[in-house]
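Undergrad: how would this look folded up:
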Amino acid sequence: MDISVVIPAFGESRKIGGDIRAAAEFLASNHFKGQIIVVDDGSKDGTSEVARSVGSGFEEGIEVEVIRYSEHRGKGYAVRTGISKSKGEYVLLADSGCCVPYDRVLTGLELIKTSRCDIAHGSRRLADSRIIKPQSLYRRFCARLFQWFIKFVMKVNSGITDSQCGFKVYRGDVARDLYSRCITDGFIFDVEIILMAQKQGYRIEEFPIEWTCDRDSRLSPSRSLWRIVCELVKIKRLV
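TA: Numbering: from 1, shown residues only. The predicted structure is shown next:
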């Protein structure tokens, strides 16, 4: 198995079919054997049913697995559930909505294959990144504030400009190692993974992407603020 694509989904019935088809087309066009793992995090809108309905009939060597549990547990829980089922030499974590074209994976894979890093993060904040549709001014402000906080308070590597971008490529063994020990269920799991990776000596490098903002986001900074703070405090104590 070359690549495992893990797509966490919560209330994404309108998008998940396109996600699966785009991932399968990427794998097929690059002659990769791969698996597409959709983790339905307790959706009530038929996300898993849609995923199963489109998850067949692809080229030989492309598998689609849909995992669903009834209770909404959080994005971090969904991601580590998917990665625990991965078998690929490399693992791609991709948010639902195709905000980043799948062919950008090739840049991250090249960084890992040439031993420049163990984990390749897509970043929206590099000079060569192309933003097709930006976030709102409010969300951009919150994102900048968050990046400042994790850099100076959480001590995340200062070379990381975009910890929360939902497009990351891992060596498969590294992903399975880190996520098997991750405890964060919510949106801030990325910070815990980065801190653990730093502690273990895994190398992280960012690469530029083309990105289109999906305004239909499941994260509301104002409504989720207290939960985010609690998760960051917990991570700080444990990592």
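Undergrad: what ranges do the helices span in the protein?
TA: With DSSP state H, the ranges of helices along the chain come out as 16-29, 47-54, 75-84, 105-113, 137-152, 172-180, 189-200, 221-238.
Undergrad: Let's test this: mean pLDDT of the shortest one, rounded?
TA: Model confidence over helix 47-54, given as mean pLDDT, is 97.
Undergrad: any residues touching that helix, and which ones?
TA: Residues outside helix 47-54 that contact it (CB atoms under 8 Å, 6 or more residues apart in numbering) are 9-13, 16-17, 20-21, 38, 40, 64, 66, 68. For every residue, glycine as well, the C-beta is placed using N, CA and C.
Undergrad: For these, give me TSV that also has distance to residue 119, pLDDT and neighbour count.
TA: Formatted as TSV, the contacts of helix 47-54 follow (distance: CB to CB, whole Å; pLDDT from 0 to 100; neighbours: other CB atoms under 10 Å):
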residue	distance to residue 119	pLDDT	neighbour count
9	22	97	28
10	24	96	19
11	28	96	19
12	25	96	27
13	31	97	17
16	25	98	29
17	29	97	16
20	24	98	26
21	27	97	15
38	22	98	29
40	25	98	28
64	25	97	20
66	26	98	22
68	28	98	16
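Undergrad: Mind checking which of the residues you listed land in strands?
TA: Within the contacts of helix 47-54, residues falling in strands by DSSP state E are 9, 38, 40, 64, 66, 68.
Undergrad: Quick one: residues contacting the fifth one.
TA: By that I understand residue 66. Residues in contact with residue 66, defined by CB under 8 Å, 6+ apart, are 38, 40, 48, 51-52, 55.
Undergrad: and it, bridged to which residues?
TA: Beta-bridge partners recorded for residue 66 (DSSP bridges): residue 38.
Undergrad: With the first one instead?
TA: Bridge pairing for residue 9 (DSSP bridges) gives the partners residue 40.
Undergrad: so how far is residue 190 from it?
TA: From residue 9 across to residue 190, the span is 17 Å (CB to CB, to the nearest Å).
Undergrad: With the last one instead?
TA: Look at residue 68 and residue 190: by CB to CB, they are 23 Å apart.
Undergrad: before we move on, back to that, could you find which two of the contacts of residue 66 are furthest from each other?
TA: Farthest pair in the contacts of residue 66 (CB to CB) is 40 and 55. Separation: 11.8 Å.
Undergrad: My understanding was that residue 128 contacts residue 208; is that so?
TA: Yes - between residue 128 and residue 208 there is a contact at 3.8 Å, judged by CB atoms under 8 Å.
Undergrad: Among these two, which residue is more densely surrounded?
TA: residue 208 (16 against 9; other CB atoms under 10 Å).
Undergrad: Identify the residues contacting the more buried one.
TA: By CB under 8 Å, 6+ apart, the residues touching residue 208 are 107, 122-123, 126-130.
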